[in-house]
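Q: Based on what follows, work out the 3D shape:
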Amino acid sequence: MRCRPQTEPLQTNRATTTATWSCTEPAQYYHDAPLYLRLPNMIGPARTVLCSQNPRGVVLKSSWPDRKKLRIEAEVYASCNGQFGVPDHLLSFEACHSDGAAFSNSIFLPPIGCTTFASYRWYPFDEHDSAASPPDYRTLQVIVIADEGESLEHCESAKDLSMCVLHAQLGWLFMMSIAGKGYLHRDASIGNVVRPNVPVQRRAFTSRRGVEELVKGLHHIKHSASSEAIESNNEGAQGSHDRSGAEGAKRHSDKEGFWTNLGGAAGHNPYLKNVVNAAQRLEKALAKLGLSTECRALLIDGECAGFLPEYFVDPPHAGNVFGTPAFMSETLIIQSQKMANSIYVHNPVDDLNSFMWTTIWGTVFNPRADASQRSAAAQETLKQWQKMLRTHERLSALHEIEGSVPDDSSPIVEGIPSLIRIWRRELEDLEITFRRTFKKAPNAEQKFDVFCRFAREGVAVYAELLHELRDTLGLDATQ
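A: Down below sits the predicted model:
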């Protein structure tokens, strides 16, 4: 199998489509020349992928993304390859036949560059539509990653599930924190968080990642308007209640003066200052949990990701509302129903809400929660919750889960609702503060800083909750 080099233009030497198909027509090609493999243009560190060299398993994903999204997922993986909470990226490429013809849908579509593509459409019921959309040419994209696993539905306990969600959030945060080329995932869901069959070792996560670059002015953000003077904003360094407390500060003292120096370097820029404060808060929270280099969950599937350096150009938001409906924030669902995508900015708090719904789903659909030894009442309640989560009644399910849990429920069902109950309120407060702060941000750089702040602050809130509820969740004393 070969791949099309990144530098090769998309062209075609296909014959003109005729009304009557014939098997004697010339072969249809998506490109003018054979696509010989040019290794430097492939995305990923590997040149060959052998299962014997990857004892934890290899996962191959094939998809047909549109042209705008052709490389986005591979670039997301390549930018944060092997970091905490993200998979080992081995290889990505655009597939083609040995003769150089791409695996493409172009054989079914009008020729590329055709200005009369509307005439190729068949309208059996409606009159001819002169405003028909252009053909959607697609080719087969192949992505290969390491580390086989399963969904969070198979977590063994409330401790396992809650820590897996934290590790996935740290992977999500790392995707955002890459200097000059961060990404907002925009599709956290039960299918996009993988629990490896065996926990994998990763470099230790640090909340300092990306903050230094921001303070040094390495935004790499494209502006949608001329820069304005940064207005004084006393919106508070902590938009939500800081649960780390004096104990956390004592456990993680700033021995090297890193945060003090960084805060001083941020000067009188309140947006940067708040990013620094949020990152420091996260570091304290993770230190209290005793986070190690053992990673229990990986965030995958970046085809919906938004490239942050271009996120705030005109029009106000280059993308649309993204996500899997069952896991989207309520705000996103409302916006999608209003068909008002163009005026809404999919933001970090939306993704944090998706992690909450993923946690609920992983709890309710866990096979251990529906074990036959549970009482009939507990099993019936669980089935009702599952039905409600699959439909438009998920808010009703949420309220019931936050309420009383049936007697004789499994430990995972008994442990997680306490977390959800407080987490949801924290996210509601976080969203209110985010909206107010984001609206005041005068330009693209400050809007980006607001994203960075609330992403870190949201993960810090969750980590603090885990420590606060450590007895309920069964976390170790050191955590």
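
Q: What sits closest to Glu414 if chain neighbours are left out?
A: Nearest residue to Glu414, sequence neighbours excluded (C-beta to C-beta, 6 or more residues apart in numbering): Val405, at 5.6 Å. All C-beta atoms are positioned from the backbone trio N, CA, C, and that covers glycine.

Q: Neighbours of Arg195, how many?
A: As a burial measure, Arg195 scores 22 neighbours (other C-beta atoms under 10 Å).

Q: end to end, how far does stretch 135-146 reach?
A: 35 Å (C-alpha to C-alpha, to the nearest Å).

Q: er, stretch 55-67 actually
A: End-to-end distance of stretch 55-67 (C-alpha to C-alpha): 34 Å.

Q: cool, and stretch 289-301?
A: Note: stretch 289-301 ends 28 Å apart using C-alpha to C-alpha.

Q: swap in stretch 288-297?
A: 20 Å.

Q: Report all helices and strands that the helix or strand that contains Leu389 contacts.
A: Assigned by DSSP states H and E, Leu389 belongs to helix 376-390. The contact analysis (3 or more C-beta pairs under 8 Å, 6 or more residues apart in numbering; DSSP states H and E) places helix 376-390 against helix 348-364, helix 394-402.

Q: can you rerun that using 6 Å?
A: Contacting helix 376-390 under the criterion 3 or more C-beta pairs under 6 Å, 6 or more residues apart in numbering; DSSP states H and E are the following elements: helix 394-402.

Q: How far away from the center of its chain is the helix it packs on?
A: Averaged C-alpha coordinates place helix 394-402 at 24 Å from its chain's average position (C-alpha atoms, centre = their mean, to the nearest Å).

Q: do stretch 460-467 as well
A: Averaged C-alpha coordinates place stretch 460-467 at 20 Å from its chain's average position (C-alpha atoms, centre = their mean).

Q: Phi and psi next, for the residue nearest to Glu414.
A: Backbone torsions for Val405, taken as degrees, to the nearest 10, come to phi -100, psi 130.

Q: Send over the helix holding Leu389 as CSV, restricted to the C-alpha atoms.
A: Extracted C-alpha coordinates of helix 376-390, given in CSV (Å, rounded to 0.1, in the frame of the first residue of the first chain):
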residue,chain,number,x,y,z
ALA,A,376,-34.6,-6.8,40.9
ALA,A,377,-35.2,-3.1,41.8
ALA,A,378,-31.6,-2.2,41.2
GLN,A,379,-31.5,-3.9,37.9
GLU,A,380,-34.7,-2.3,36.7
THR,A,381,-33.5,1.2,37.8
LEU,A,382,-30.3,0.7,35.8
LYS,A,383,-32.2,-0.4,32.7
GLN,A,384,-34.4,2.7,32.9
TRP,A,385,-31.3,4.9,33.2
GLN,A,386,-29.7,3.2,30.2
LYS,A,387,-32.9,3.8,28.1
MET,A,388,-33.0,7.4,29.2
LEU,A,389,-29.3,8.0,28.3
ARG,A,390,-29.9,6.6,24.8
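
Q: re the thing from before, tell me how many other residues crowd the residue nearest to Glu414.
A: 18.

Q: List the contacts of it.
A: Val413, Glu414, Pro417 (C-beta atoms under 6 Å, 6 or more residues apart in numbering).

Q: any chance of these in a markdown table, plus distance to Gln384 and neighbour count?
A: Formatted as a markdown table, the contacts of Val405 follow (distance: C-beta to C-beta, whole Å; neighbours: other C-beta atoms under 10 Å):
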| residue | distance to Gln384 | neighbour count |
| --- | --- | --- |
| Val413 | 13 | 24 |
| Glu414 | 17 | 17 |
| Pro417 | 15 | 20 |
